[in-house]
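Take this sequence and fold it.
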Amino acid sequence: MDKKMIAIVALSISAFVLVVLSFLIPAQRVTAAESVKDRDYQMATARNQAGGESLYVTDNRTGRCAVFVWDATSRSLQVRAVGSLAEAFPAR
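Numbering: from 1, shown residues only. You can find the predicted model right below:
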């Protein structure tokens, strides 16, 4: 065997191993369940009832919250609602 044949055999075996492993190891699914909090803003993602994804952005200084929804048909981010957290969660 010459050097070219050894290289071809080695590459073929590694390609076969990668293909087999790609079928055996399940891919991780991405889910909307992340949140980020900083001093001024807080962001969280979640699934909405329509089956899409929602982004909740809260301004911690003013107490305002905005909900953004991804619209797959127009491929854009749409504002669903903007309001005060005090109005959304009134004190009892």
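
Okay, now the unreliable bits of this protein?
1, 28-36 (pLDDT under 70).

Helices along the chain, start to end?
3-24, 85-88 (DSSP state H).

Need the winner for burial among those helices.
Mean neighbours per residue, mean count of other C-beta atoms under 10 Å, is largest over these for helix 85-88, with a mean of 11. Any C-beta I mention is one placed from the backbone N, CA and C, and that applies to glycine too.

can you put the helices of the chain in TSV and add distance to Ser74?
Output for the helices of the chain, formatted as TSV (distance: least, C-beta to C-beta, whole Å):
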stretch	distance to Ser74
helix 3-24	34
helix 85-88	27
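
Name all residues that make contact with Ala66.
By C-beta atoms under 8 Å, 6 or more residues apart in numbering, Ala66 lies in contact with Tyr56, Val57, Thr58, Val79, Ala81, Val82.

cool, and Ala72?
Counting by C-beta under 8 Å, 6+ apart, Ala72 has contacts Gly52.

next one: Leu55
Leu55 touches Met43, Ala44, Thr45, Val67, Phe68, Val69, Trp70, Leu77, counting by C-beta under 8 Å, 6+ apart.

Of those residues, which belong to strands?
Met43, Ala44, Thr45, Val67, Phe68, Val69, Trp70, Leu77 (DSSP state E).

just to revisit the earlier point, of all the helices of the chain, which lies closest to Ala50?
Closest to Ala50 of these, according to C-beta to C-beta: helix 85-88, at 19.7 Å.

Please put the alpha-carbon coordinates of the closest one into CSV.
Listed next in CSV are the C-alpha coordinates belonging to helix 85-88 (Å, rounded to 0.1, in the frame of the first residue of the first chain):
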residue,chain,number,x,y,z
LEU,A,85,-46.0,45.5,35.8
ALA,A,86,-48.0,47.2,38.5
GLU,A,87,-51.1,47.0,36.2
ALA,A,88,-50.3,43.4,35.2
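
Determine how far it lies from the middle of the whole chain.
27 Å (C-alpha atoms, centre = their mean, to the nearest Å).

How about stretch 78-92?
On C-alpha atoms, centre = their mean, the centre of stretch 78-92 falls 24 Å from the chain's centre.
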